[in-house]
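Chemist: The sequence and its predicted three-dimensional model are supplied below.
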Amino acid sequence: MEKLPCITGERVVLRPITDGDTDHIVTWRNTPSVMQNFIFRQRFTPEMHRNWLATKVATGQVVQYIIVDKAEDRPVGSVYYRDVDPDNRSAEYGIFIGEEDARGKGFGTETAQLFTRFGFEQLGLHRISLRLLAENLPARRSYEKAGFVQEGVFRDMVFLDGRYRDVIFMAKLSPAPRGEE
């Protein structure tokens with residue numbers, strides 16, 4: 001796989017993930033305020049992350065970046081495409097801001113805008129989809145600002161914290177005309 005570029009915005013720099021990011025990822029993914037917004041709730045370990053890097057990122061099934069607060073030169077979260085499907089030119093988008101003091105500052109929205117442009121222009125994607133728990137309103141607003149549109153609500157799709165929860169599916173399509181990309 002060719003070397004992935006760094007992506008620079010006004011407030012964030014997105015850089016490809018490395019094994020050196022393992023401690024950050026594990027800490028962030030096990031933080032209750034991050035974990036509550038994930039459908040996958042199992043305790044995250046360094047071994048799980050390294051396995052993900054070796055089996056998913058190294059094979060191109062996942063394209064994952066670290067979100068860096070440009071002003072402080074500090075990693076604050078991660079953004080990724082999973083289930084990258086080159087035949088259908090689609091992928092599923094995921095993001096989390098792991099540092100609590102970095103939430104609500106627009107990093108997620110800017111990252112979504114930068115990373116979806118990268119997905120369309122550099123990775124050749126046509127469709128970028130995502131799933132979120134229906135009650136995660138801050139994430140939903142951020143996704144809408146970045147151009148994602150709700151496609152459906154899957155009622156009672158997951159059983160978390162002792163109750164069934166709705167999952168919202170959203171997507172963003174390439175701005176290029178259909179079939180001409």
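Modeler: Yes, it's here.
Chemist: what about this protein, any weak spots by pLDDT?
Modeler: When residues are selected by pLDDT under 70, those of the chain lie in 1-2, 39, 41, 177-181.
Chemist: what helices or strands is the helix ranked longest in it leaning on?
Modeler: Longest among the helix segments of the chain by residue count, using DSSP state H, is helix 107-121. Using 3 or more CB pairs under 8 Å, 6 or more residues apart in numbering; DSSP states H and E as the contact test, the elements touching helix 107-121 are strand 7-8, strand 12-16, strand 63-69, strand 74-85, strand 90-97, strand 127-133, helix 137-145. Using the backbone N, CA and C atoms, a C-beta is placed for each residue, glycine as well.
Chemist: Nearest the middle, which residue of the chain would you pick?
Modeler: Gly94 (2.1 Å; CA atoms, centre = their mean).
Chemist: Not counting sequence-adjacent ones, nearest residue to that residue?
Modeler: Leaving out its chain neighbours, the residue that sits closest to Gly94 by CB to CB, 6 or more residues apart in numbering is Tyr80, at 5.2 Å.
Chemist: Check Arg15 too.
Modeler: Nearest to Arg15 is Cys6, by CB to CB, 6+ apart, at 4.7 Å.
Chemist: what's the neighbour count on the one you found?
Modeler: Cys6: 11 surrounding residues under other CB atoms under 10 Å.
Chemist: for Val79, same thing?
Modeler: Count around Val79 with other CB under 10 Å applied: 26.
Chemist: partners of it in the sheet?
Modeler: Tyr65, Ile95 (DSSP bridges).
Chemist: which residues sit in contact with it?
Modeler: 14, 64-65, 67, 93-95, 111-112, 115 (CB atoms under 8 Å, 6 or more residues apart in numbering).
Chemist: before we move on, the earlier item: identify all contacting residues around the longest helix of the chain.
Modeler: In contact with helix 107-121 (CB under 8 Å, 6+ apart) are residues 7, 9-12, 14, 65, 67, 69, 76-77, 79, 81, 91, 93, 95, 97, 125-126, 128, 139, 142-143, 145-148, 172, 174-176.
Chemist: Great, nothing more from me.
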